[in-house]
Structures are given as structure tokens and as C-alpha cells.
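A.B. asks: Fold the following.
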Amino acid sequence: MTAISPKASSALPGFSEGIQYFGEALPDFETYGATPAIESGKIAIADPTDKAAVYQTLLAADALRYLILQVTASKASGHPGGFASQAEAYASLVMLGYKNIITEVGHHAPGFYCAMFLDRSLEDMGIFTVQQLRDRFREKHGLLGHLSGFIPGILAPAGPLGQGQHFAMAAALLHKDKLFPFTVGDGGLGEPYIVSAIAHFHTAYPDVTNFLPVLVWNGYSQEHHSMVSLKTNPEMQAYWQGNGFDEVVLVDAKDFDDQDQPGDYVDSTAFSFEKRLEFTQAVLSGVDKAARSALGGKLTVFIIKQLKGAGVHARGAKSHNLYPKDTLNAPHIISALQTRALSAQAWQLVRTNAERAGGGPAAKTVVTEFEFPLPELGELPLEEYAVGGEPKVSTTAMGRLVGIVGNKDENFLVTNADGNEASGIANINQALKIIHPTTDDLYYQAPNGQVYEPLSEDACAGLAAGLALMGARTLWCSYESFAINGVPIWQTVTQAMAELRRPTPSTITLFTAGALEQGRNGWTHQRPEIEAYFASLMRNGNVFPLFPPDANSIQVCYDWALKSKNKGIVITASKSPLQIRTTLEQTRQGLRDGAVLLHEVAGDKQVVFAVIGDMTLMPVFEAAAFLETEGIGAKIVSVINPRQLYRSHDTAWDICSQPEGGFLDDAKFAELFDGDALIAVTGGAAAVLEPILLRSTVKRDTFAWKRGETTASAGELMAFNGLTAEALTKRAIALVH
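C.D. replies: Prediction:
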């Protein structure tokens with residue numbers, strides 16, 4: 001192989017600046033590389049058995065391998081090995097015209113970036129040459145270490161394992177005429193929820209099969225052998241068939257090995273060129289068969305079995321990650337790059353095919369580059385209950401609106417693992433029906449329903465958040481105690497939304513059955529600590545935990561959330577009938593200002609109660625009444641939207657793609673919270689009170705959740721946690737004297 005400076009030859013394509021090594025033409029290039037296999041005006045190769053198409057698919061795979069290693073080694077950082085072991089599969093998908101490709105593996109990011117570079121998608125972020133690709137890899141405002149919503153042409157973020165299938169299924173549900181392949185690592189296959197999530201989805205939507213898992217079976221995970229590395233080919237096929245897959249297409253590089261490589265996993269780049277072409281032919285034909293099967297109504301998986309690190313600097317788990325020693329000057333990196341080097345003509349051929357595939361760059365063609373069309377909802381008919389009137393169940397009031405939304409928007413989906421009826425929102429099931437193959441009017445079940453009820457919170461959060469990211473309206477409902485199991489993917493999506501280059505509906509949740517309602521169930525159902533998680537996320541800039549105090553307030557909160565874009569909105573409310581304390585307009589003000597004044601009585605001294613939650617207001621009103629008999633004034637402020645109580649510089653709001661500012665100014669903050677003493681109260685984690693405690697300068701204290709216990713009532717559980725009128729009164733008096 002020869003090293004050529006791009007400045008030394010005008011024959012080199014402009015985009016190749018930064019490629020350090022160019023090779024001689026591969027055998028038969030003049031025959032099979034003379035013209036692009038994807039003809040001008042076409043979006044895919046005409047025939048997967050055509051020798052030129054196979055030849056050029058191999059070139060594309062090698063181009064990806066070269067770029068991945070060149071880019072990662074330029075920073076001695078990143079993950080080349082996993083993607084390299086399936087480069088033929090990715091190249092085949094592109095050559096067949098499929099570009100709506102997702103991954104479950106965040107470590108495949110360098111490969112996806114290189115693919116986006118080859119088809120010119122990255123030009124939208126100012127990356128025109130390989131040198132610029134190298135410069136901006138793993139740098140701020142560049143190509144971050146794992147996939148995100150910021151990168152042109154990338155459909156979905158990827159970080160934690162076990163998430164990509166949700167994005168693929170969500171996209172497939174919204175775009176039934178397109179294929180959504182997603183790569184799955186055999187290391188990640190050990191995460192049980194990947195296949196279980198697919199199984200529930202397939203039962204709910206048996207006709208939606210246009211998503212295609214591409215299992216990268218390379219024998220290794222991040223730092224050791226994968227847990228499925230000892231499975232035989234028949235065992236792996238049986239695994240997928242046993243989980244409901246109708247078609248399992250497996251291509252094993254070992255079947256083409258003519259170099260006597262040891263072990264079950266081999267590197268196809270070590271084969272003779274003839275055998276490399278045979279292997280590529282098998283992959284290309286296999287991917288074509290799998291894609292047609294998935295689009296044709298069969299649940300299908302494509303499996304490529306090839307040694308991890310095939311064609312890069314190392315093999316096995318050692319190829320997974322680059323370290324400081326793995327620089328472009330290191331002999332083993334130089335050797336690997338020179339071995340994979342392509343001729344200038346081959347680079348141009350690969351670029352032309354990549355550009356034409358799928359009808360143009362992914363940044364101009366994939367579904368996430370466009371806003372998903374949504375039906376108009378009009379003004380929701382909010383029902384205003386009389387303040388001080390008959391107690392109402394907040395969740396039920398919101399459930400009525402949810403049913404109206406679903407009837408107006410056929411793509412709207414509600415997800416719940418623990419059952420809507422248990423959360424006071426049976427009216428959602430009645431209006432929209434639980435998706436189930438068994439029709440049963442007693443349980444409001446029907447195959448064409450809009451309520452998705454797997455038992456996994458991950459599957460609930462995953463599909464709801466995934467659909468929101470893809471552009472649809474959704475609602476994830478959960479018991480507050482159990483929602484933590486679904487939060488990781490919800491957080492992934494909210495972070496992606498913060499940097500997404502298009503508006504999309506916010507991902508909205510309703511968390512019910514708070515700890516204070518769960519006395520008889522004991523501590524297993526009393527886990528409001530999740531609120532501390534959302535308290536931290538408020539600083540992200542686009543996350544809004546909302547705490548409506550009653551059935552009027554929750555309607556306004558949901559109406560506001562529905563109209564918002566690119567946010568993560570968490571509505572937490574009780575399922576018990578509670579007193580109506582606010583008007584609709586008061587909550588509108590509370591959403592803008594963060595909080596609203598509910599009660600004020602003057603006195604010689606004044607204690608301000610800043611209260612988060614609904615049930616927690618009960619002991620606070622009792623305490624205020626007692627203080628008034630002692631001549632001590634009291635203000636009760638309901639904190640509905642604590643994020644607005646931060647100072648502007650406390651959150652990253654201004655760098656969000658759909659920024660929301662409007663933080664409460666100092667004068668209004670003082671108007672609400674100034675007094676002789678402040679007591680901040682919540683039935684959950686004290687962390688949500690931080691915005692108030694940061695800004696208040698008066699004597700202050702907090703009352704918050706400590707831990708769970710089995711009790712007969714909410715009052716007894718509050719007492720166990722020190723949330724009583726007596727305790728509040730005692731502390732208030734101590735603070736003002």
C-alpha cells in the first residue's frame with residue numbers, strides 16, 4: 001500500500017482529504033467497478049446476485065472499516081470492533097436501498113458516523129472531508145461518542161444497551177411501508193428485555209413486522225466473551241424461533257473460511273478475495289431475503305456471525321475500544337489501515353453508491369428528518385370543578401381528556417404496566433381499549449385498541465418515548481414506585497429531544513399511586529425517591545416535573561403538556577378523591593410562575609409553606625389553621641412547576657432545541673415566598689424543593705419523605721415520616737421565635 005498526500009494528486013476526490021493510505025485497485029476492479037451498481041436515478045441495486053453489486057458491497061464494507069479505524073485512531077478513542085464485524089450487513093442494507101437504520105448498540109456510533117459521511121449527510125453539519133470527520137469525532141458540537149438526535153441522518157440515540165428495538169418498533173408502527181433495521185450486539189442480547197419487548201409488541205401488533213433485528217453475533221461483548229458465544233447455530237436459530245420469529249436468516253463466515261482460522265468465529269477479511277466475495281454475496285442475498293420477509297408480514301431476524309474486530313486493528317474483545325496507545329502512528333494501526341486501504345477510484349465509487357442509495361443522503365430521506373403529521377386536537381373541553389366543592393379524583397379527570405385525545409388521534413398510544421384501572425383511569429381503557437388478541441368487553445380489550453399494557457416498565461416507557469421521538473403523541477402511565485424501571489430510556493429520549501433538529505411532541509408521563517396512598521401495601525409500593533431523579537433532570541433544561549394539587553389543576557397541566565414540544569413532562573398525582581383547591585386559571589399561572597398562592601392570613605409573624613403534591617396539603621392546612629389561632633400568619637403556596645422556580649442560569653434551557661425560559665424573577669419569588677420563616681413540604685424526595693431553597697433567604701426547613709412502612713392510612717404513613725400538622729406547627733413556631 002502507498003501513502004499519498006491528497007495535495008499530490010488532483011485525481012483524488014475532494015472528500016478524501018484526510019485519508020492517509022490509498023491502495024492499489026482490487027482484482028477485477030475494471031470489470032466490476034467500472035460503473036456504480038446503483039444506477040443514476042435509482043435508489044438501490046437491481047439484483048443482489050449481480051457480481052458487480054456484490055463486488056461493490058464488499059468495497060463499501062471495507063470503506064466503512066477503514067474510516068472507522070482512521071477516525072477512532074485519530075483520537076485514540078472510540079469503539080471500532082463491533083461495527084466492523086458486521087460491515088457487510090450494513091453495507092448490504094444500504095446497497096439494497098434501506099437507510100432508516102437504527103442501532104441498539106451505542107458503541108456502533110463510529111460506524112454510523114462513517115456511513116453518514118459516505119452518503120454526504122454530515123455535510124449538513126459542515127463535515128465535507130475525512131479530515132473534518134476526524135477532527136470533529138468525539139468533540140463538542142461534533143460527533144459525540146454515542147449516537148444522538150443531533151447528528152443528521154441518525155434516527156435515534158443509542159447509549160445504554162437494550163433500547164434500540166423500541167425506536168425501531170415505534171418507527172415501524174408509524175411508517176408501515178418502510179423497513180427499520182436495527183443492529184443488536186450479542187453482548188446486548190444478554191439484556192432480557194430486547195426480545196421480550198419484541199414478543200409483546202408482536203402479540204399486540206401482529207401485522208407490524210417491518211422492523212428487522214440484525215444480530216451481530218461476533219462472540220464477544222465489551223471486555224470478554226458474550227454470554228451467547230457457546231451457542232451453536234441451530235441453538236441460536238431455535239432461540240429466535242422460540243421467541244416467535246417466523247424467519248431466521250443466518251450467515252456464518254465460518255462456512256466460507258479458506259484460511260483454517262481456529263474457533264467458531266472467524267474474520268472474513270482474512271479470506272482469499274474469491275471467498276470474501278462469496279461471503280459478501282451470502283450476506284447481501286441474506287439481507288435481501290430478510291428485508292423482503294419483514295416487509296412481507298413475517299417477524300424476521302437477520303444474523304451475521306463473524307469475529308468481532310474483523311478487518312480492523314485487533315480481534316475479539318480487544319477490538320472493542322481504543323486506548324491512548326492506539327494512535328495513528330502506532331505500527332498496528334498503520335498496518336491495519338494499509339491492509340484495508342482502497343484506491344481513489346474505489347472511494348469515489350463507494351461514495352456515489354452511498355449517495356444514491358435510498359434516494360439520497362439519509363439526512364434528506366429518513367423519516368426522522370421530517371415532522372410527523374399530527375391531527376389537530378382543537379381546544380380540549382376542560383371541566384372546571386367548584387373550589388371547595390365535592391372531592392374529585394385527579395387522575396380520573398385527566399383520563400377523560402386522554403380518551404378525547406385518543407379518539408381524535410389514531411396514532412396516540414397510552415402505555416401502562418400496572419393497569420390503568422388501579423390508577424383511577426379506567427376511563428382511558430373504556431374510551432380507547434386495551435390492545436389484546438382476546439376481545440372482551442368486560443375488560444375493555446380489543447385487537448385495535450390504543451392502550452399498550454406489557455408488564456415491563458421498560459417496554460411501556462420504551463414504546464411511548466420512542467413514538468414521541470419519532471413524532472407521535474403518547475402517554476406513559478405508571479405507579480410512581482415502579483416507574484424507575486422505565487426511566488433510563490425516557491431519559492435517553494428527553495436528552496435527544498433537547499438537541500433534536502426538529503420539533504416533536506413532548507414525552508409525557510402520568511405517575512400515580514404515590515407513596516402516601518400505599519399504606520397497606522408497605523414499602524414495596526412506597527418509593528417516591530424517583531422524584532429526586534427528576535429533580536436532577538430539571539437542570540437539563542427541558543424536563544418538567546409537574547405536581548397538580550387537584551382535579552382542576554391536572555387538566556390544565558395535561559393540556560399544557562400536549563401543546564409543548566421536545567420536553568419530558570412528568571405529571572405526578574394521587575388517585576384518591578381530594579378537595580378542589582384551585583381554579584383552572586390559577587394552574588395556568590402556576591405553570592408560568594412555578595407556583596400559586598392558595599391561602600394567606602396575616603399575623604404578627606408569617607410562616608410560608610411551600611408545598612409540593614396534593615395529599616401533603618392536608619396537614620399543612622391544618623397547621624396553618626392552628627398557627628392562626630396563635631396569631632401567627634400563614635401563607636400556603638402550591639408548587640406546581642418547580643422547574644420555573646430556578647434562576648435562569650441554573651439550567652441548560654437556552655441550548656435546548658425548543659427552549660423554554662420564563663423563570664420566575666426575584667420580585668415575584670419574594671412576593672410568593674418571603675416571610676419570617678419558610679417550611680418546604682413534599683411527600684416525596686426533598687430534592688424537588690431545591691429551586692426554592694436556593695433562592696430563599698429567610699429561616700427555613702424542609703419536611704419530606706424518609707422511608708416506607710406498612711400503615712392503615714395515608715395519615716399514619718405521613719406521621720411515620722414526620723409529615724403531621726403537629727410537627728409542622730411546632731417547627732413553624734420555633735422558626736419565628
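A.B. asks: how many other residues sit next to residue 44?
C.D. replies: Residues near residue 44, counting by other CB atoms under 10 Å, number 22. Yep, even glycine has a C-beta here, placed from its N, CA and C like the rest.
A.B. asks: tell me the contacts of it?
C.D. replies: By CB atoms under 8 Å, 6 or more residues apart in numbering, residue 44 lies in contact with 38, 95, 96, 97, 357, 358.
A.B. asks: Quick one: distance of the longest helix anywhere in the chain to the chain centre.
C.D. replies: The single longest helix within the chain, with elements called by DSSP state H, is helix 51-75. With CA atoms, centre = their mean, to the nearest Å as the basis, helix 51-75 stands 29 Å off its chain's centre.
A.B. asks: Flag the shaky bits of the chain, pLDDT-wise.
C.D. replies: Along the chain, the parts satisfying pLDDT under 70 run over 1-10.
A.B. asks: dump the residue contacts of the residue most central in space within it.
C.D. replies: Among the residues of the chain, the one closest to the centroid is residue 493, at 3.3 Å (CA atoms, centre = their mean). If you count contacts by CB under 8 Å, 6+ apart, residue 493 has them with 157, 465, 466, 468, 469, 507, 568.
A.B. asks: quick one: the strands in the stretch 251-400 of the chain?
C.D. replies: In the stretch 251-400 of the chain, the segments counted as strands under DSSP state E, counting those that start in this stretch are 300-305, 392-393.
A.B. asks: Compare the contacts of residue 44 and tell me which has the most neighbours.
C.D. replies: residue 357 leads those on contacts (other CB under 10 Å) with 29 neighbours.
A.B. asks: Give me the spatial nearest neighbour of it, chain neighbours excluded.
C.D. replies: residue 94 (4.8 Å; CB to CB, 6 or more residues apart in numbering).
A.B. asks: Equivalent analysis for residue 83, please.
C.D. replies: Distances taken as CB to CB, 6+ apart put residue 111 closest to residue 83, at 3.0 Å, once the chain neighbours are dropped.
A.B. asks: Same check on residue 528?
C.D. replies: Residue 528's closest residue in space is residue 684 (CB to CB, 6+ apart), at 3.5 Å.
A.B. asks: which residues touch the one you found?
C.D. replies: Contact analysis of residue 684 by CB under 8 Å, 6+ apart lists 480, 514, 515, 528, 529, 531, 532, 572, 612, 613, 704, 705.
A.B. asks: Among those residues, find me the one that's closest to residue 336.
C.D. replies: residue 532 (46.4 Å; CB to CB).
A.B. asks: quick one: buried residues of whichever strand or helix holds that closest one?
C.D. replies: For residue 532, the element it lies in under DSSP states H and E is helix 530-537. Buried residues in helix 530-537, counted by 16 or more other CB atoms under 10 Å: 530, 531, 532, 533, 534, 535, 537.
A.B. asks: Export the residues you listed as TSV, with columns for distance to residue 214.
C.D. replies: Shown next, in TSV, are the buried residues of helix 530-537 (distance: CB to CB, whole Å):
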residue	distance to residue 214
530	34
531	39
532	38
533	33
534	35
535	39
537	32
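A.B. asks: what's the closest of these to residue 217?
C.D. replies: Using CB to CB, the buried residues of helix 530-537 come closest to residue 217 at residue 533, 34.9 Å.
A.B. asks: Distance-wise, check that closest one relative to residue 499.
C.D. replies: Applying CB to CB, to the nearest Å, the value for residue 533 to residue 499 is 20 Å.
A.B. asks: before we move on, what about residue 616?
C.D. replies: Separation of residue 616 from residue 499 (CB to CB): 35 Å.
A.B. asks: Which of those two has more residues huddled nearby?
C.D. replies: residue 616 (26 against 17).
A.B. asks: what ranges do the helices span in the stretch 201-350 of the chain?
C.D. replies: Assigned by DSSP state H, counting those that start in this stretch, the stretch 201-350 of the chain shows helices spanning 233-242, 273-295, 331-340, 344-356.
A.B. asks: Between those helices, which one is closest to residue 715.
C.D. replies: helix 233-242 (50.7 Å).
A.B. asks: Surely residue 88 is in contact with residue 283?
C.D. replies: Yes: counting by CB atoms under 8 Å, residue 283 is a contact partner of residue 88 at 4.3 Å.
A.B. asks: Does anything pack onto the helix holding residue 532? Which helices or strands?
C.D. replies: Applying 3 or more CB pairs under 8 Å, 6 or more residues apart in numbering; DSSP states H and E, we find helix 530-537 packed against helix 487-499, strand 543-546, strand 568-572.
A.B. asks: isn't residue 198 right up against residue 164?
C.D. replies: No: at 11.1 Å, residue 198 does not count as touching residue 164 under the criterion of CB under 8 Å.
A.B. asks: who has more neighbours, those two?
C.D. replies: When residue 198 and residue 164 are compared for neighbours, residue 164 comes out ahead with 32 against 23, by other CB under 10 Å.
A.B. asks: Excluding sequence neighbours, find me the nearest residue to the more buried one.
C.D. replies: Closest to residue 164 by CB to CB, 6+ apart is residue 104, at 2.9 Å.
A.B. asks: mind checking how far that neighbour is from residue 406?
C.D. replies: Separation of residue 104 from residue 406 (CB to CB): 29 Å.
A.B. asks: and if you look at residue 390?
C.D. replies: Going from residue 390 to residue 406 by CB to CB gives 27 Å.
A.B. asks: With neighbour numbers in mind, choose between those two.
C.D. replies: residue 406 (22 against 10).
A.B. asks: Can you get me a residue count around residue 409?
C.D. replies: Counted with other CB under 10 Å, residues neighbouring residue 409 total 19.
A.B. asks: show me what contacts the closest residue to it other than its chain neighbours?
C.D. replies: Using CB to CB, 6+ apart and skipping residues adjacent in sequence, the residue nearest residue 409 is residue 375, 5.2 Å away. Neighbour list for residue 375: 408, 409, 410 [criterion: CB under 8 Å, 6+ apart].
A.B. asks: Got the domain ranges for this structure?
C.D. replies: 6-359, 392-736 (automatic domain parsing).
A.B. asks: Need those domains in TSV (columns: distance to residue 385).
C.D. replies: Formatted as TSV, the domains of the chain follow (distance: least, CB to CB, whole Å):
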stretch	distance to residue 385
domain 6-359	35
domain 392-736	5
